[in-house]
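Q: Any chance you can model this:
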Amino acid sequence: MSIEVENNDLIWIQRALAGDLDAFGELVQMYERPVYNLAYRMLGEPNEAEDAAQEAFLKAYSNLERYDAGRSFKTWLLSITSNHCIDRLRKRRLTYLSLEEPLPPHPALTSDELGPEASAIARERSQKVQMMLDDLSPEYRMVVVLRYWYDLSYTEIADMLETSESAVKSRLFRARQTLARVLEDAAPELLAAVVGQE
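A: Numbers count the residues shown, from 1 in each chain. This is a model prediction of the structure:
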């Protein structure tokens, strides 16, 4: 993120702390897409991801005075989002265990710009990726999403998760091993899309 964007964030944050709701609205507009995308990749369901994104913004607003201006606002916001999604996944797991029924299939995000055939291929690929992500533990899923969808560094991920870089690398290594086992019979391009190239 550029210094200019970070400076703009600080201006909006200061205004929001002074009671300007429109200023926080500007921050929501700036970051609603990455927050929603993270929630979707963590939760796998568009409506639940939308709810989680809204709740993450509410949590961020109510804790705005705790934000450390020395950190990236985006990283802080994604940290709130990921923690909220993990809480939801834990509650979901408890519900799942009590009902003993499989969760509904996860719909994929589609692009209006794709033609019917390309859209169908993209949808199928996205569904496969989401199903594989769903098989990972929340902690492993989070590091995969943050590393390969958001291209965050090990340092940024460690900062978000309040852990060490070596712990992040270890989780990512184990997550990639798990995904590689699942993908042994899959196409190489799908393997690259999920586990990434270092």
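Q: where's the residue nearest to the spatial centre of the chain relative to Ala23, distance?
A: Centroid-nearest residue in the chain: Leu38, 2.1 Å away (criterion: C-alpha atoms, centre = their mean). Counting by C-beta to C-beta, to the nearest Å, the separation of Leu38 from Ala23 is 23 Å. Where you see a C-beta, it was placed from the backbone N, CA and C, and this is true even at glycine.
Q: Which strand or helix spans Thr75?
A: helix 73-99 (DSSP states H and E).
Q: Give me the buried positions along that helix.
A: Within helix 73-99, the residues scored as buried using 16 or more other C-beta atoms under 10 Å are 73-86, 88-89, 92.
Q: That one packs against which elements?
A: Under the contact criterion of 3 or more C-beta pairs under 8 Å, 6 or more residues apart in numbering; DSSP states H and E, helix 73-99 touches helix 3-17, helix 21-43, helix 46-62, helix 138-148, helix 154-161.
Q: Pick the most deeply packed of these.
A: Greatest average neighbour count among the helices and strands packed on helix 73-99 goes to helix 138-148 (a mean of 22), per mean count of other C-beta atoms under 10 Å.
Q: Extract the CA atoms of it and return them as CSV.
A: What follows is helix 138-148, C-alpha atoms only, in CSV (Å, rounded to 0.1, in the frame of the first residue of the first chain):
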residue,chain,number,x,y,z
PRO,A,138,-9.5,-22.2,9.9
GLU,A,139,-5.9,-21.4,10.9
TYR,A,140,-4.5,-23.1,7.8
ARG,A,141,-7.2,-21.7,5.5
MET,A,142,-6.5,-18.2,6.7
VAL,A,143,-2.7,-18.2,6.0
VAL,A,144,-3.4,-19.7,2.5
VAL,A,145,-6.0,-16.9,1.7
LEU,A,146,-3.9,-14.1,3.1
ARG,A,147,-0.7,-15.3,1.3
TYR,A,148,-2.1,-16.3,-2.1
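Q: What's the local residue count around Ala180?
A: For Ala180, the neighbour count with other C-beta atoms under 10 Å is 13.
Q: how close does it get to Asp134?
A: Ala180 sits 17 Å away from Asp134, going by C-beta to C-beta.
Q: same thing with Phe57?
A: Distance of Phe57 to Asp134, computed by C-beta to C-beta: 24 Å.
Q: And Arg71, by the same measure?
A: To Asp134, Arg71 is 30 Å away according to C-beta to C-beta.
Q: Just confirm Asn37 contacts Leu146, I think it does.
A: No: here Asn37 lies out of contact with Leu146, judged by C-beta atoms under 8 Å, at a distance of 11.2 Å.
Q: where in the protein is pLDDT low?
A: 1-6, 93-123, 125-127, 183-198 (pLDDT under 70).
Q: domain ranges for it?
A: Domain ranges of the chain: 1-104, 111-198, per automatic domain parsing.
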